[in-house]
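**Q** Next comes the sequence, and after it the predicted model I'd like to discuss.
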2 protein chains.
Amino acid sequence: MVDAPGTPWHGPASVAVRQANLRERNLAALVAGVCRAESPPSRADLAVELSMTRATAARLVDELVAAKVVDEVERPRSGRGRPALALRPGEGIVALGLAIETERVIARAVDLRGEVVAERVAPSTSRDPERVLDALAAEAREVRALVQARRVVGVGVAVPGIVTEDGLLLRAPNLGWSDVDVAEGLRSVGGLHRIHVANEADMAAFLEAEPAPGRPGEWSDFVHVSAAVGVGGSIVTGGRIVAGEHGAAGELGHVCVDPSGPACACGSTGCLERYVGIEALATVSGLAREDVATELGARAAAGDTGCLAALEQVTHALSVALASVVNVVGISSVVLGGHLATLPPSTLEAVQQRLDARVLGSRWTPVRIRAARGDDAAAATGAAHRALGDLLARPAAWV
Amino acid sequence: MVDAPGTPWHGPASVAVRQANLRERNLAALVAGVCRAESPPSRADLAVELSMTRATAARLVDELVAAKVVDEVERPRSGRGRPALALRPGEGIVALGLAIETERVIARAVDLRGEVVAERVAPSTSRDPERVLDALAAEAREVRALVQARRVVGVGVAVPGIVTEDGLLLRAPNLGWSDVDVAEGLRSVGGLHRIHVANEADMAAFLEAEPAPGRPGEWSDFVHVSAAVGVGGSIVTGGRIVAGEHGAAGELGHVCVDPSGPACACGSTGCLERYVGIEALATVSGLAREDVATELGARAAAGDTGCLAALEQVTHALSVALASVVNVVGISSVVLGGHLATLPPSTLEAVQQRLDARVLGSRWTPVRIRAARGDDAAAATGAAHRALGDLLARPAAWV
DNA sequence: CGTAATAAGTTTGATGGTAGAACTTAAGAC
DNA sequence: GTCTTAAGTTCTACCATCAAACTTATTACG
């Protein structure tokens, strides 16, 4: 789903490169250096880090500054010598991150620093793709108006379903959609370079792999579980999402926890979704669906029997399902997203312990598990990052 | 396990590129073009394919020819115009592919065309790492002597165990080895640039992804099952092997087929290995272990009850285990290697049908399954390809 | 048999991005 | 007030590629 943008420098050597590509590549390296840095670097810092001459770094950075891809900021003077002009990712560059959920649509604008600079959320109860997309397009236009002073370099759309490489939404079970051309439906937003359509679970995982554009996250190899109405999963290796052939890697929600468990809409029985999906947890805990994320941990700590049972169910189901994932893929870090991100630490610990017991390689690399850091619209932010990734990969196109 | 060799051109933009890298990259693109081609291309063909000028292509190819990385061959003249000098991967470049198995060691020399140009196999019954490695080193020296006229550009070693990134064999259960520095043990071969140590299942999968050096295989995304004494698995996406964190992606042999099944040495119960490993099949079929690969299909076709039962067992266990893999990873092509490559077509078809029934996405992309094409030392050839990959990625280092 | 057509490969000068080194600028240290 | 340090700038040299003209080797055809 998240492919390497910019052809000549990635993947197998399949096309010749020329001097212009050299410049492109070095511009990209500089932008990446600025985004990756903990504290704003100077031109000279970048030159050292990337082992290019100060002359080249300065010349290229000047272009990036002119294009507002990076900003110059004052840096508290430290030590002797001529003070440096520090560089940060440009505030003036944003991408729109859109998300379609079962009950609302979201439009965000995210800048190159990873800040959400504008947002609109609208309820969306219709099942009709055209109406939902029109509503989303309206919100997107509003958000774009809010950031009029900035340059919108792209759009990403996160959808809860299977997406082909050219952006066709094949099937979204929880929306009841089939074969919807999302990009076409958003054409009315207008003036957008390219519309990236991608799976919401992948986009949420992408945000964990890259908390700010171009900045690597805590882990670069992990399994991400996104739980909402449906339960999805994504596999990230080397900071990149592993896309299955049909664009739906990690149908984690339908990994079998117990063959003799409850029937699932997918036709199978005992799927993970039936144990840790929002419906299942609401039923067992006795909470309303919208309260599960906020209340479950507290109520269980207070001794609520239903909530305790729900946590035990989550612990069991997750450890069984994740064990097979970890064994198969050999990645032993797990990030829990959606309402599972709000599980109490004790539950995460319990899952981790049971996983260690079930996982072969745990003697060598013990299983690590943590909650996702994104907010409740992580997929929208991730989609925006995805779009900003176009610029990061080939800033030359924008200078 | 199979990482991207050659730093500046792969992965995130993290270092500046200079004009020398341009040349390196274009040399690599030309070599890749020659290796990838169905029929030997001319300099002009390559120039068109890679969209570089004939002048540049010719100049760089001349260097590659001088270094014997590519050979010029006469091409049957076709059509008018000045006849072209066709180009093929150089016969004079070889890499050694070594493999350590439970009962033998193998040394091969494989040239850039993917031909095995020399081979030696020696039985190896010792459990002592030092003696086994010495024996392997001796065979490697013999093979190198056999190809003395050619240039040995690297060595790859396939081992049945978990290998760290820097080539330390952490654990090989079926050899009874722990923490063995394989590269160090082979130092006595002498004069080798770098020794790549990798997991045998990954190397066998690599050979399926790349049947000849630089030439993409039939599928670029698949799950590869390598069955021998142990059962391993590897996941290939985009022609590259997905390495788990601990270098042992795809512990497929220990995916659970039936929780109430027979106990496994790994501590769990009902693991795939207990159903499709060579031991299990020998027991059920009544065949000797060494006859399973050759006899099982024929005897079953002849109506042998034990062999029929063995095939049914394989069909069941594979379809259950692979279903979870396919669901989790979203890759719906499967290649069966080792003795599973000799299963009769009817069994493959049966597995595929049951998988389609179990796999969610099969309505969109039906499951495909085929036998591996490599011989019984595919891992050794794959390891040689791995080593040749160094040259393919950066031919400039050898011209 | 000779000429035209075609296409491969070669030579030449121009272009453009980076390297290297000297230079300028802006601060702190003494 | 001068020295030191380090950032940023300017200039020339280098070198890989491009573009286009040129040479070479073959087939097609009259």
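**A** Alright, I've got the coordinates. Numbers count the residues shown, from 1 in each chain, chains lettered A, B, ... in the order given.
**Q** From here on, just use CA atoms for contacts and neighbour counts.
**A** Noted.
**Q** pLDDT score for whichever residue of chain A sits closest to DNA strand D?
**A** Going by C-alpha to the nearest atom of the strand, DNA strand D is nearest to residue A:81 of chain A, at 2.7 Å. Residue A:81 carries a pLDDT score of 84 in this model.
**Q** Then the one 4 residues further on?
**A** Per-residue confidence at residue A:85 stands at 92 (pLDDT).
**Q** Ok, residue A:6 next?
**A** Note on residue A:6: pLDDT of 35.
**Q** now for the longest helix seen in chain A, which elements pack on it?
**A** Assignment by DSSP state H gives helix A:305-329 as the longest helix of chain A. Counting by 3 or more C-alpha pairs under 8 Å, 6 or more residues apart in numbering or on different chains; DSSP states H and E, the packing neighbours recorded for helix A:305-329 are helix A:273-276, helix A:278-285, helix A:292-301, helix A:345-358, helix B:305-329.
**Q** Leaving out the residues flanking it, which one is nearest to residue A:344?
**A** Here the nearest residue to residue A:344 in space, its sequence neighbours aside, is residue A:297; by C-alpha to C-alpha, 6 or more residues apart in numbering or on different chains that works out to 5.5 Å.
**Q** next one: residue A:358
**A** Computed as C-alpha to C-alpha, 6+ apart, the closest residue to residue A:358 that is not its neighbour in sequence is residue A:323, at 6.0 Å.
**Q** close enough to count as contact, the one you found and residue A:355?
**A** Yes. Contact criterion C-alpha atoms under 8 Å: residue A:323 and residue A:355 qualify, at 5.8 Å.
**Q** if we can go back for a sec, most tightly surrounded among the helices and strands packed on helix A:305-329?
**A** Most buried of these, by mean neighbour count (mean count of other C-alpha atoms under 10 Å in any protein chain shown): helix A:273-276, with a mean of 25.
**Q** That one - contacts with which helices or strands?
**A** By 3+ C-alpha pairs under 8 Å, 6+ apart, helix A:273-276 packs against helix A:278-285, helix A:305-329.
**Q** For the next helix or strand after the longest one, enumerate its sheet partners and note whether each is parallel or antiparallel.
**A** Following helix A:305-329 in sequence order, the next helix or strand is strand A:333-338 (DSSP states H and E). Strand A:333-338 has its sheet partners listed here by DSSP bridges as strand A:222-227 (parallel), strand A:368-371 (parallel).
**Q** Other residues contacting strand A:333-338?
**A** For strand A:333-338, the surrounding residues in contact (C-alpha atoms under 8 Å, 6 or more residues apart in numbering or on different chains) are A:204, A:219, A:221-228, A:367-372, A:374, A:376.
**Q** Drop anything exposed from those.
**A** For these, a neighbour count by 16 or more other C-alpha atoms under 10 Å in any protein chain shown gives the buried set as A:204, A:219, A:221-228, A:367-372, A:374.
**Q** Could you pull up the residues touching the residue nearest to residue A:344?
**A** Each residue near residue A:297 by C-alpha under 8 Å, 6+ apart is listed here: A:307, A:342-344.
**Q** Show me the one in those that has more neighbours than the rest.
**A** When neighbours are taken as other C-alpha atoms under 10 Å in any protein chain shown, the top entry among these is residue A:307 (26 neighbours).
**Q** From what I see, that residue and residue A:284 are in contact.
**A** Yes. Between residue A:307 and residue A:284 there is a contact under C-alpha under 8 Å: 7.2 Å.
**Q** residue contacts, residue A:102?
**A** Listed by C-alpha under 8 Å, 6+ apart, the contact partners of residue A:102 are A:124-125, A:174-175.
**Q** Of all pairs in those, which one is the farthest apart?
**A** Greatest spacing in those, by C-alpha to C-alpha: A:124 and A:174 (13.2 Å).
**Q** who's more crowded, these two?
**A** Applying other C-alpha under 10 Å to residue A:124 and residue A:174 shows that residue A:124 carries more neighbours, namely 19 against 13.
**Q** State whether the more buried one and residue A:133 are indeed in contact, as I suppose.
**A** No. Using C-alpha under 8 Å, residue A:124 is not in contact with residue A:133; the gap is 9.8 Å.
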